[in-house]
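# my questions are about this predicted structure, shown below with the sequence.
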Amino acid sequence: SAVISQKPSRDICQRGTSLTIQCQVDSQVTMMFWYRQQPGQSLTLIATANQGSEATYESGFVIDKFPISRPNLTFSTLTVSNMSPEDSSIYLCSAKSRDRLSGNTIYFGEGSWLTVV
Amino acid sequence: KQEVTQIPAALSVPEGENLVLNCSFTDSAIYNLQWFRQDPGKGLTSLLLIQSSQREQTSGRLNASLDKSSGRSTLYIAASQPGDSATYLCAAGKTSYDKVIFGPGTSLSVIP
């Protein structure tokens, strides 16, 4: 299994500012993802974080708004830029390994709950 | 395009009852299906993972089944307890190196 740590766990942010969320995995994983979960909603994939290259964004999400880094196999960051109240959500980091032992189980961090005021 | 649905959206049962949560997916060409639990304001905890070649997985009071041909998976919870109250989500993966698609979740409340 993999243990995923995210920080901050919770923050209140001013409109127009940017915040970077960090995600650390305790083992090397092949894939890392960033999800958003708006209040009362299910998870929406923002992007796949690729090691050493630009992230792959889903429809409706762009790099200027959600820049993502993944400098190595165990760490990634997501920045929420120029925040507005509509960005108030839980942001979740997840990871999976492409190996037989884990069976491609996906693991999640505890999430970062952002409130934009 | 894969779409995942879950019914019911919410469920309230008295403690001790056995219950079934349903998950449906439109594209049967899945690699695996995973069930998660989410407590309010928290991240997701993996409960069970079923590979496409498997028909079911069991962990304690939980049993998940998979029927690819009909595009369905069920999560069976035996002898429910108040601590089982949470939102349960299923997610379908198309390949081992691809993203997964989540269902909207079923909110379960077990009444003491």
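It's in. Since the model is a prediction, treat every value here as computed from it, not as a measurement.

# how about the strands in the chain?
Assuming you mean chain A. A:4-7, A:10-13, A:19-25, A:31-37, A:44-49, A:56-57, A:68-72, A:75-80, A:89-96, A:106-108, A:112-116 (DSSP state E).

# think we crossed wires, I meant chain B
B:4-7, B:10-14, B:19-25, B:32-38, B:44-51, B:56-59, B:62-67, B:72-77, B:86-93, B:100-102, B:106-111.

# which residues touch the residue nearest to B:Arg61 when sequence neighbours are not counted?
What sits nearest to B:Arg61 in space, not counting adjacent residues and going by Cβ to Cβ, 6 or more residues apart in numbering or on different chains, is B:Ala78, at 4.4 Å. Every residue, glycine included, has its C-beta placed from N, CA and C. Neighbour list for B:Ala78: B:Asn18, B:Arg61, B:Leu62, B:Asn63 [criterion: Cβ atoms under 8 Å, 6 or more residues apart in numbering or on different chains].

# neighbouring strands - and their directions - for the helix-or-strand element of chain B with minimal mean pLDDT?
For chain B, counting by mean pLDDT, DSSP states H and E, strand B:100-102 ranks last in confidence among helices and strands (a mean of 88). Paired neighbours of strand B:100-102 in the sheet (DSSP bridges): strand B:86-93 (antiparallel).

# relative to the whole chain's centre, how far out is the strand it pairs with?
In terms of Cα atoms, centre = their mean, to the nearest Å, the centre of strand B:86-93 is found 5 Å from the chain centre.

# and it with strand B:44-51, angle?
With axes from the mean of the first three to the mean of the last three Cα atoms, to 10 degrees as the criterion, the two stretches strand B:86-93 and strand B:44-51 enclose an angle of 40 degrees.

# now strand B:86-93: average pLDDT?
Throughout strand B:86-93, pLDDT has a mean value of 94.
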